[in-house]
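**Q** pasting a predicted model and its sequence here:
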Amino acid sequence: MLPSPGPDAAVLVTGASSGIGAAIARELARRGHPTLLVARRGDALADLAAELRELSGQDAEVHALDLGADADLAAARALVEDDRVAGVVNAAGFGVTGRVAEIADQQDALDGLVRLNVLALHSLTVAAVGALVRRAAADGRPGAILNVSSITAFQPLPGAASYAASKAFVQSFSEAVHTELSGSGVTLTTVSPGLTRTGFADAAGTDAFDRVPDLLVGEAADVAAAGVAAMVRGDRSVTPGLLNQLSALGGRLAPRTLLLPALDAGMDLYGA
């Protein structure tokens, strides 16, 4: 569970320069938590940090790091060892859309997706678990981790195969570690949003978000509020929104022989 706000209850947030990561940082600041902001774009982080200091009255540090680079990932892991850090949010990630046969020439982008969405998240989560559990054992101070997944985690997704598979890893790994941490004073929560208004679509190279009804597209602030609230409680996972919950349930229960052709047709309809 995330401890009460204060100078010694800082939260490290990756992917904080935009989208869900920035929204989570704002939600934490509203609650009074200091933040350590991590992303590649230092200028965007500096602007956000100034905003967060006004919101929280607490410090907001800027760490311009590219988690896809080994040296910068090591630097981020070192930040977790800071005694002020009581929580870690892994929100960094991106997507690539398109059928694998058609985007095979984008090998570097696909490899980078796996490196950031899977390897960096795994590395930072392991580091956070080690540091937070040691502190909880030493002084009884609780700690919390929040990993950003997606409703794409609950079924394979033609047209976004690598992205959905990366989020399936996040979901499976995070839920297992949550169970392992029982009784330790540290919790790991997964938030699994559906389509959300962020810069994700532009980065993924798709206009699919513009083609779906507004009812099906959520707001980053709502995802952040649900995720941070679940992190504070120490929940295993949360999927914001009834439609997203139904979609995740369908992804788990529907026979693949029926589900995959339907998803394939749907992704084709929306240009992925």
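**A** Structure's in. What do you need? Residues are numbered from 1 along each chain as shown.

**Q** quick one, strands of the stretch 151-272 of the chain?
**A** 186-191, 196-197, 218-219, 237-238 (DSSP state E, counting those that start in this stretch).

**Q** pLDDT below threshold where in the stretch 151-272 of the chain?
**A** For the stretch 151-272 of the chain, residues meeting the criterion pLDDT under 70 lie at 199-216, 269-272.

**Q** CSV for the strands of the stretch 151-272 of the chain, including distance to Asp108 and mean neighbour count?
**A** The C-beta positions use only the backbone N, C-alpha and C, and glycine is treated the same way. Output for the strands of the stretch 151-272 of the chain, formatted as CSV (distance: least, CB to CB, whole Å; neighbours: other CB atoms under 10 Å):
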stretch, distance to Asp108, mean neighbour count
strand 186-191, 28, 28
strand 196-197, 26, 20
strand 218-219, 30, 18
strand 237-238, 32, 20
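
**Q** what sits against the residue nearest to Leu2 when sequence neighbours are not counted?
**A** Of all residues not flanking Leu2 in the chain, Ala144 sits nearest, at 3.9 Å (CB to CB, 6 or more residues apart in numbering). Applying CB atoms under 8 Å, 6 or more residues apart in numbering to Ala144 gives the contacts 1-2, 86-88, 132, 186-189, 231-232, 234.

**Q** what's the closest of those to Ser150?
**A** Distances from Ser150 to those, taken as CB to CB, are shortest for Thr189 (14.5 Å).

**Q** distance check, the closest one against Gly93.
**A** 16 Å (CB to CB, to the nearest Å).

**Q** likewise for Ser237?
**A** On the measure of CB to CB, Ser237 and Gly93 end up 17 Å apart.

**Q** kindly report the same for Ala9.
**A** 25 Å.

**Q** ok, these two, which is more surrounded?
**A** Gly93 (27 against 23; other CB atoms under 10 Å).

**Q** give me the nearest residue to that one, chain neighbours excluded.
**A** Asn117 (4.4 Å).

**Q** okay, that neighbour: pLDDT?
**A** With respect to pLDDT, Asn117 scores 98.

**Q** show me where the protein has its helices.
**A** 19-30, 42-56, 70-80, 107-114, 121-139, 161-180, 200-204, 208-211, 220-233, 242-253, 256-269 (DSSP state H).

**Q** what about the closest residue to Gln58 other than its chain neighbours, distance to Ser17?
**A** Nearest residue to Gln58, sequence neighbours excluded (CB to CB, 6+ apart): Pro34, at 3.9 Å. Using CB to CB, one gets 18 Å for the distance from Pro34 to Ser17.

**Q** contacting residues around Gly234?
**A** 1-2, 144, 187, 189.

**Q** let me know the closest of the residues you listed to Ala71.
**A** Ala144 (27.3 Å).

**Q** can you pull up the bridge partners for that closest one?
**A** Beta-bridge partners of Ala144, counted by DSSP bridges, are Gly87, Thr187.

**Q** which pLDDT value does the model give it?
**A** 98.

**Q** against Asp235, how distant is the residue nearest to Gly93?
**A** Distance from Asn117 to Asp235, by CB to CB: 22 Å.

**Q** who's more crowded, the two?
**A** Neighbour count, other CB under 10 Å: between Asn117 and Asp235, Asn117 has more, with 27 against 20.

**Q** right, and the more buried one touches Phe94 too?
**A** Yes. Using CB atoms under 8 Å, Asn117 is in contact with Phe94, at 7.3 Å.

**Q** touching, Ala161 and Val100? I think so.
**A** Yes. Applying CB under 8 Å, one finds Ala161 in contact with Val100, separated by 5.8 Å.

**Q** these two: which has the busier surroundings?
**A** Between Ala161 and Val100, counted using other CB under 10 Å, Ala161 has the larger neighbour count: 19 against 13.

**Q** distance check, Val191 against Ser150.
**A** Using CB to CB, which is the criterion applied here, Val191 is 9 Å from Ser150.

**Q** actually Leu119, not the one I typed
**A** 17 Å.

**Q** which of the two has more residues huddled nearby?
**A** Using other CB under 10 Å as the criterion, Leu119 and Ser150 rank with Ser150 on top: 30 against 16.

**Q** now the more buried one: closest residue in space, sequence neighbours ignored.
**A** Lys167 (4.2 Å).
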